[in-house]
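> Sharing a sequence plus its predicted fold:
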Amino acid sequence: MLGKILFRNTRMLLKDASYLKTAFWNCRCKLYSFPIILYPEMYFRIGSNAHIINNKGRLRLGCRWGIERFKQSQFVIDNKGILEIDGNFDIYTGSSITIEPGAKLTLGHGGMNTNVKVTVSTSISPGDNVFISDNSTLRDSDNHWITGGSGVNSAPINIGNNVWIGINVTILKGVTIGDGAIVAANSLVNKSVPPNTLVGGVPAKVIRENVKWKL
């Protein structure tokens, strides 16, 4: 019975997967437990001296939501970049993830829906049970200097556990989102978010405290 359950779960996990691409990149990265599963239209590249750390997690790249068609997607780990997989995480089709030289992306349990854009210049760390909705953007650097600015153009983004990020949200450098928080659709988050709060707006402000959510 257990064998049948494992077979069924594995078959569903690998449905539509690009087997040759998955096998090639896992073997090239010496990930012989095959923690990374690639799907059609996914461009994957890993630079020299980049490193993937797998802590018994599983990462699906470019999977689709229901019957949605596959879209052009990319996942790039640049030179000396680090990807750490701490849980089971799904990144859906149409998304673009870039880990720049020397930067680190750490993924817990959760997922990013379609057309999410993530650029990691320093560090971005979603925790467990984190769900990021369609068309959201996470960027931990301004990538340029501005006269009269703070002098800091890059700072880590840390996302706690059990966080829900709505559609079309933008999260900027130096932000920490506390456990249990909800970020409303179309918000711009440029300051840290307290735990168990609902925030929204441009820029995002606390709308409600002591909130709880579940799928």
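Structure's in. What do you need? Numbers count the residues shown, from 1 in each chain.
> And the pLDDT at the residue positioned nearest the centre of the chain?
Using Cα atoms, centre = their mean, the residue of the chain that lies closest to the mean C-alpha position is residue 112, 5.5 Å off. Residue 112 carries a pLDDT value of 96.
> Report the contact partners of the closest residue to residue 43 other than its chain neighbours.
For residue 43, ignoring the flanking residues on the chain, the nearest one in space by Cβ to Cβ, 6 or more residues apart in numbering is residue 74 at 4.3 Å. Using the backbone N, CA and C atoms, a C-beta is placed for each residue, glycine as well. With Cβ atoms under 8 Å, 6 or more residues apart in numbering as the criterion, the residues that contact residue 74 are 42-45, 95-98.
> how much space between residue 189 and residue 14?
As defined by Cβ to Cβ, to the nearest Å, residue 189 lies at a distance of 35 Å from residue 14.
> Could you tell me which of the contacts of residue 74 belong to strands?
Residues from the contacts of residue 74 lying in strands, with DSSP state E as the criterion: 42-45, 96-98.
> Buried only: go through those for me.
Buried by 16 or more other Cβ atoms under 10 Å: 42, 44, 96-98, out of those.
> mind giving me JSON lines with those residues and columns for distance to residue 138?
Supplementary listing: those in JSON lines, determined by distance: Cβ to Cβ, whole Å:
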{"residue": "42", "distance to residue 138": "19"}
{"residue": "44", "distance to residue 138": "19"}
{"residue": "96", "distance to residue 138": "11"}
{"residue": "97", "distance to residue 138": "9"}
{"residue": "98", "distance to residue 138": "11"}
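> Go through the residues you listed and say which is closest to residue 81.
Checking these against residue 81 with Cβ to Cβ, the nearest one is residue 98 at 8.8 Å.
> Could you verify my assumption that residue 44 touches residue 83?
No: Residue 44 sits out of contact with residue 83 when judged by Cβ atoms under 8 Å, with a separation of 10.9 Å.
> beta partners for the residue nearest to residue 43?
When bridges are assigned using DSSP bridges, the partners listed for residue 74 are residue 43, residue 96.
> ok, back up a step: neighbour-wise, which of residue 189 and residue 14 wins?
Each of residue 189 and residue 14 had its neighbours counted (other Cβ atoms under 10 Å), and the higher figure belongs to residue 189 (24 against 15).
> so residue 21 makes contact with residue 41?
No: applying Cβ under 8 Å, one finds residue 21 not in contact with residue 41, separated by 10.5 Å.
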